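Asks: sequence and predicted structure are below.
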Amino acid sequence: MAKPSKYPSGCPLGIRVAAVAAIRHAHRECVTVSVDKVDFREPIHVGELVTAMARVNFAGRTSMEVGVKVLAENVLTGDKRHTNSCYVTYVALDANGRPTAVEPIVPETPDEKRRYDRAAKRRANRVMERRYDQGRGE
Ligand SMILES: CC(C)(COP(=O)(O)OP(=O)(O)OC[C@H]1O[C@@H](n2cnc3c(N)ncnc32)[C@H](O)[C@@H]1OP(=O)(O)O)[C@@H](O)C(=O)NCCC(=O)NCCS
């Protein structure tokens, strides 16, 4: 994908790809409720091929945390760089636009278990922060 400016962000692409991962998991319409831990590690240069990968790390009752990784490739040299990462939380909606339950994630490989455990900790922090934001903290 050719990029229009000198230091474009891979984030909008990443968020679109993350939405596809959430919708595929939920088989429902999904909305973004939060984007966190956005790391811009390196710039993406004009003419580089940008690839975004996403996976559902964790599912709560109706929400899912999707991890996104963006790579930029110099197609002349084949050199690939990991340029951005972020975590996006989606909620699956029913036909009335209300949150609806999704299938749980059952991690199997050590890599999936590591991602799941870390995502569960991030989710616990988000839930706590949301409670404080809503004045429902301890
Ligand atoms: C999605 C929406 C319908 C959820 O409504 P709600 O009243 O917050 O619903 P709930 O409190 O039952 O929360 C539903 C789930 O979302 C999670 N959630 C809600 N807000 C969250 C946030 N800011 N960060 C992370 N998770 C969040 C809750 O933890 C819950 O997860 P669980 O079911 O897995 O336990 C509502 O927040 C909404 O419409 N938001 C706007 C979404 C939008 O316009 N997105 C476009 C952005 S460009």
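Replies: Arrived safely.

Asks: what residues of stretch 30-46 count as buried?
Replies: Within stretch 30-46, the residues scored as buried using 16 or more other CB atoms under 10 Å are Cys30, Val35, Pro43, Ile44. (Each C-beta comes from the backbone N, C-alpha and C, glycine too.)

Asks: please flag which of those sit within helices.
Replies: Among these, DSSP state H puts none in helices.

Asks: redo those as CSV? Include distance to the ligand and pLDDT.
Replies: Compiled in CSV, the buried residues of stretch 30-46 are given as follows (distance: CB to the nearest ligand atom, whole Å; pLDDT from 0 to 100):
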residue, distance to the ligand, pLDDT
Cys30, 9, 97
Val35, 9, 92
Pro43, 25, 88
Ile44, 22, 90
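
Asks: farthest pair within those residues?
Replies: Cys30 and Pro43 (29.8 Å; CB to CB).

Asks: do stretch 131-138 and the ligand meet at all?
Replies: No: contact of stretch 131-138 with the ligand (CB under 6 Å from any ligand atom) is absent, the minimum separation being 8.2 Å.

Asks: now that stretch: average pLDDT?
Replies: Mean pLDDT, stretch 131-138: 80.

Asks: please enumerate residues in contact with that stretch?
Replies: With contacts defined as CB atoms under 8 Å, 6 or more residues apart in numbering, stretch 131-138 is touched by Met128.

Asks: just the CA trace of it, in PDB.
Replies: Extracted in PDB, the C-alpha atoms of stretch 131-138 (Å, rounded to 0.1, in the frame of the first residue of the first chain):
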ATOM      1  CA  ARG A 131     -15.100   2.400  37.500                       C
ATOM      2  CA  TYR A 132     -13.000   5.300  38.700                       C
ATOM      3  CA  ASP A 133     -13.900   7.400  35.700                       C
ATOM      4  CA  GLN A 134     -17.600   6.700  36.400                       C
ATOM      5  CA  GLY A 135     -17.100   7.600  40.100                       C
ATOM      6  CA  ARG A 136     -17.600   4.000  41.100                       C
ATOM      7  CA  GLY A 137     -14.100   3.400  42.400                       C
ATOM      8  CA  GLU A 138     -13.300   2.200  46.000                       C
END
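
Asks: which parts of the host helix or strand of Glu73 are buried?
Replies: Per DSSP states H and E, Glu73 falls inside strand 63-74. Neighbour-count burial for strand 63-74, with 16+ other CB under 10 Å as criterion, is recorded at Ser63, Met64, Glu65, Val66, Gly67, Val68, Lys69, Val70, Leu71, Ala72.
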